[in-house]
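Asks: Need coordinates for the below:
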Amino acid sequence: MNTSGAARKQGTKNPRRTSVKSLLETVILGGAASIAIASPSAAQETGILKLDTIEIQTSDGKGPRAPVEGYIAEHSRAATKSDVPIREVPQSISVVTRDNMNDRAVQSVSEAMLYSANVNAQRYGADVRSDYFTVRGFPADLYLDGLRIPQIASQSGGYSGFVVEPYSLESVEILRGPSSALFGQSNVGGIVNMVSKQPQAEASHEIYLRGGSFERKEFGADITGPINNDPRFTYRLNGIFRDSNTSYDLGKNDRIAINPSFAWRPDADTSLVVSGGYLKDDMGQAGVIIPAYGSVLPNPTGQTISRDFSDGDPRNAIYKKEIGYAGYDFEHRFNDTFTLRQNFRYSHMKTDYRNLFTGVIPTKGWDGHTIPRTNYLAQPELDAIAFDTQLESRFDTGPVAHTLLVGFDQQWQRLDNYTASASGPTQDLFNPTYGQPLAELSPTTRLLQKQYQTGIYVQDQIEAGKLRVTLGGRKDFVSIRSEQTALASRKTTDYEQDPDKFTGRVGVAYLFDSGLVPYALYSTSFLPTLTLADTPLKPTTGTLKEVGVKYAPEGEDYTVTLSAFEAEQQNVVNRISGVYYQTDEVRVRGIELEGTARLWDRLNLTAALSFQDPEVCESQNPDQIGKLPYTVPKNQQSVFLSYDMPLPGNIEGNLVVGGGVRRIGKTAGDTLNTFYVPSYTLVDAFLRYDIGSYRLQVNAFNLGDKKYVAGCNSTSQCYYGQGRSIVATTSVRW
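Replies: Okay, here's the model as predicted:
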């Protein structure tokens, strides 16, 4: 076997390398060719210009954004911003494929990650307004096709998080550990990259109808193919319409989402994909806060709060959000050495949020059933631009092969947020009265916040025989301008921040012939801090040390990753009852084991196991030192499988049965760990019958209808998890 650095796996893009000497020859010949093209006579005289037949190549199904059959993905573009197999990347990576999401009938990006190692995907329970999750104990940043999605604060989610409809996605990639050396802003826990469905040269159509619990009614469609039977021009259009209630009395889960895209691939070396998206949500009082007393802790009355209780009011249960975005993804391979990529996206989001929610529960003298409520209004409007340009070069220095990536990116976002708050009428936890007198709020405060970021990065992926080394570094320059104005007095408070930071990563992996790949990684993170207040906070920084081993034999349908890590993040931001707190340092040490397999051509399996020890190491509040961060479990376990059952006799079609078990360990309920949220175990299941182009599927979530609390921030703020829900889907493909 040839194990030199220049040797490449069959099917990998840009298989040939160029020596340093050849780089100079390429530049000279390229210049001569340019002159020849500009001057036909010169071309005839030199004889160096020869026009070959142009070949159009469509997707081979193995690229980082190509559709994947089954649960196992071999590539991830986001991991290194280049086409490198996951097994060769010195980092813990999970990919949730389209088939996996279809089997589980996922209805949010958070749900897509329910069975991924060390991801707490629903820490705020049944709240459907945004995606709330942590990776390795820290909030993770969301990316769409390699570009960061805008956020109104430094933690993903929030009451007006930027969301993407999961039906528009081909996969969801979880990159554990800092990615600042490539992407800039990120937490030490990792990032989640959502990969959009791409236009395909082969025509395909899908229509589905879905109905189920909470009066759910949903319609979706996904069509793609060539334009005028020309594979150089392809399109894709998918979208959904949903009308649904939720488990809460006043909650809704209505959505319209449309995602068009167009691709131009004039030859095998050039592609341009232009895409966009529009999403409109109407969710009423979709997020509910309950006190710990009566859910996690004993209530003075001896009663338990109902799961369908809502702390809002029908006259003020408004949550409407509109999101629109458009951009392009361009790639051109000049030759076997140089490839240029450029991505761009403009995003806009507007939210109208008017709710009553549970206030601070008195520590003494509380009757156990009367809760104070806050009447709140927020109308944020967000505009953002993300732009990334990369030049990749592949060359050899003797027996060592290099994939050198040099990039420049910029991010800009502007938040204009009008808010108001006032005391609202109290509510009875066990005998709620809706329709009480309620003052209509008008905005009293305006927050105008602008952020600019420019980053320059370099990465070299080195191959020397079976050794793989990744070296990366990035310098970020950030400018933050914030103004908060009291609208009545016109008094303005402002602040400015101009942080800059260098981040880097060093990773090493070794590819044994057996498929065993041990690796080690050291990387750093940097995240400028944005809040919905006028108080400036320090940027968060972090470091990660990780060692692990992957087992992914070539030609086999299984992969296993075992990793051990220590992540430290300074200036961690938490928000409790509307107030932002910044602890000095949080450390998480942990072990993760995750495996995905296709066995006996019938069984798809994914399993995950994680143990971690989160701890506040330094804090301005001495009582917090040594405590656990809230909503961060110390252990998680999950397994999900699907099995293709052969049908007896001459019965047509195919029957698929599957299900999963997921367990979340206990978590701290507040910053001082005065109480804990118990662990919980949930069971999901599905049954599908395929016959020809038709499919009928039934999914059940939390099959045992377990009543549980997903997490708490304090004794005043806890969140019930989703009860049992069942959905039935019928679809046709042709």
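Asks: residues contacting the residue lying closest to Pro85 once chain neighbours are set aside?
Replies: In space, and not counting its chain neighbours, Pro85 is closest to Glu74: 5.6 Å by C-beta to C-beta, 6 or more residues apart in numbering. Glycine gets a C-beta too; all of them are placed from N, C-alpha and C. Residues in contact with Glu74 (C-beta atoms under 8 Å, 6 or more residues apart in numbering) are 62, 68, 85-87.
Asks: just so I have it, where are all the helices in the protein?
Replies: 20-38, 40-46, 77-80, 98-104, 109-112, 180-183 (DSSP state H).
Asks: quick one: the residue minimising distance to the centre of the chain from Pro432, how far?
Replies: The centroid of the chain falls nearest to Val192 when counting by C-alpha atoms, centre = their mean (3.2 Å). In this view, Val192 and Pro432 are 37 Å apart by C-beta to C-beta, to the nearest Å.
Asks: Also Gly473?
Replies: 56 Å.
Asks: any idea how far Thr559 lies from Val478?
Replies: According to C-beta to C-beta, Thr559 stands 37 Å off from Val478.
Asks: what's the answer for Arg695, then?
Replies: 48 Å.
Asks: Output the below-cut-off pLDDT ranges for the stretch 1-150 of the chain.
Replies: Applying pLDDT under 70 to the stretch 1-150 of the chain flags residues 1-65.
Asks: Could you rerun that using 80?
Replies: Per-residue confidence for the stretch 1-150 of the chain (pLDDT under 80) gives these ranges: 1-66.
Asks: where exactly do the strands run in it?
Replies: 93-97, 119-120, 134-135, 138-139, 141-144, 147-148 (DSSP state E, counting those that start in this stretch).
Asks: Could you look over those and pick the most buried one?
Replies: Ranked by mean neighbour count, those are led by strand 134-135 with a mean of 28 (mean count of other C-beta atoms under 10 Å).
Asks: List the strands paired with that one, with their directions.
Replies: According to DSSP bridges, strand 134-135 forms sheet pairs with strand 119-120 (antiparallel), strand 138-139 (antiparallel).
Asks: Which one of the strands of the stretch 1-150 of the chain lies nearest to Tyr510?
Replies: strand 93-97 (17.3 Å; C-beta to C-beta).
Asks: Export that closest one to PDB, keeping only CA atoms.
Replies: In PDB, the C-alpha atoms belonging to strand 93-97 read as follows (Å, rounded to 0.1, in the frame of the first residue of the first chain):
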ATOM      1  CA  ILE A  93     -17.600  15.100  15.300                       C
ATOM      2  CA  SER A  94     -21.200  13.800  15.000                       C
ATOM      3  CA  VAL A  95     -23.400  14.100  11.900                       C
ATOM      4  CA  VAL A  96     -27.100  13.600  12.100                       C
ATOM      5  CA  THR A  97     -28.200  12.600   8.600                       C
END
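Asks: in the stretch 601-734 of the chain, what spans have low per-residue confidence?
Replies: Within the stretch 601-734 of the chain, no stretch has pLDDT under 80.
Asks: let's go with 90 and repeat that
Replies: The model of the stretch 601-734 of the chain has pLDDT under 90 over residues 601, 618-622, 646-652.
Asks: Same list (the strands paired with strand 134-135) but as CSV, adding distance to Gly660.
Replies: Below are the strands paired with strand 134-135 laid out as CSV (distance: least, C-beta to C-beta, whole Å):
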stretch, distance to Gly660
strand 119-120, 14
strand 138-139, 25
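Asks: List just the one of those strands that sits closest to Glu111.
Replies: Comparing the strands paired with strand 134-135 by C-beta to C-beta, strand 119-120 comes nearest, at 11.1 Å.
Asks: what's that closest one in contact with?
Replies: Here strand 119-120 makes contact (C-beta under 8 Å, 6+ apart) with 113, 133-135, 174, 631-633, 636, 664, 711.
Asks: for these, which one is nearest Leu147?
Replies: Ile174 (17.0 Å).
Asks: count of neighbours near that closest one?
Replies: Ile174 has 25 neighbouring residues, counting by other C-beta atoms under 10 Å.
Asks: likewise Ala564?
Replies: By other C-beta under 10 Å, 15 other residues sit near Ala564.
Asks: Hmm, it is touching Gly548, no?
Replies: Yes. Between Ala564 and Gly548 there is a contact under C-beta atoms under 8 Å: 6.7 Å.
Asks: all strands in the stretch 551-700 of the chain, in order from the N-terminus.
Replies: Counting by DSSP E, counting those that start in this stretch, the strands of the stretch 551-700 of the chain are 558-576, 579-599, 603-618, 635-645, 654-664, 667-668, 676-677, 680-691, 694-701.
Asks: Counting neighbours, show which residues of the last one come out buried.
Replies: For strand 694-701, the neighbour count (16 or more other C-beta atoms under 10 Å) marks 695, 697-701 as buried.
Asks: what's the closest of the residues you listed to Asp367?
Replies: Checking the buried residues of strand 694-701 one by one against Asp367 (C-beta to C-beta), the nearest turns out to be Phe701, at 35.6 Å.
Asks: was I right about that closest one contacting Asp684?
Replies: Yes. If you go by C-beta under 8 Å, Phe701 and Asp684 touch, sitting 5.3 Å apart.
Asks: ok, Pro425 - contacts?
Replies: The contact partners of Pro425, taken as C-beta under 8 Å, 6+ apart, are 356, 373, 436-438.
Asks: and these, which are buried?
Replies: 356, 373.
Asks: could you redo the contacts of Pro425 as CSV and give each row pLDDT?
Replies: Below are the contacts of Pro425 laid out as CSV (pLDDT from 0 to 100):
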residue, pLDDT
Leu356, 91
Arg373, 94
Gln436, 90
Pro437, 88
Leu438, 89
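Asks: Closest one to Ser619 out of the contacts of Pro425, please.
Replies: Among the contacts of Pro425, and counting by C-beta to C-beta, the member closest to Ser619 is Arg373, at 30.6 Å.
Asks: For Phe430, see how far away the closest residue to that closest one other than its chain neighbours is.
Replies: With C-beta to C-beta, 6+ apart as the criterion, Arg373 has its nearest non-adjacent residue at 4.1 Å, and that residue is Gly424. Distance of Gly424 to Phe430, computed by C-beta to C-beta: 19 Å.
Asks: Compare these two (neighbour count), which wins?
Replies: Comparing Gly424 with Phe430 by neighbour count (other C-beta under 10 Å), the higher total belongs to Gly424, at 25 against 14.
Asks: these two touch, right, Ser479 and Gln413?
Replies: No. At 11.6 Å, Ser479 does not count as touching Gln413 under the criterion of C-beta under 8 Å.
Asks: hey, what's in contact with both of the two?
Replies: With C-beta under 8 Å, 6+ apart as the test, Ser479 and Gln413 both reach 450-451.
Asks: Compare neighbour counts for those two and give me the winner.
Replies: Neighbours were counted for Ser479 and for Gln413 using other C-beta under 10 Å; Gln413 has more, 21 against 16.
Asks: Quick check: the residue lying closest to that one once chain neighbours are set aside vs Tyr452, distance?
Replies: Distances taken as C-beta to C-beta, 6+ apart place Ala384 nearest to Gln413, at 3.8 Å, with adjacent residues excluded. Distance of Ala384 to Tyr452, computed by C-beta to C-beta: 11 Å.
Asks: Need the overlap of contacts for these two.
Replies: With C-beta under 8 Å, 6+ apart, Ala384 and Tyr452 have common neighbours 411-412.
Asks: Just want to know which of these two has more residues nearby.
Replies: With neighbours defined as other C-beta under 10 Å, Ala384 and Tyr452 compare such that Ala384 has more, 22 against 16.
Asks: which residues touch the more buried one?
Replies: By C-beta under 8 Å, 6+ apart, the residues touching Ala384 are 149-150, 346-348, 411-414.
Asks: Right, I'll call it a day here.
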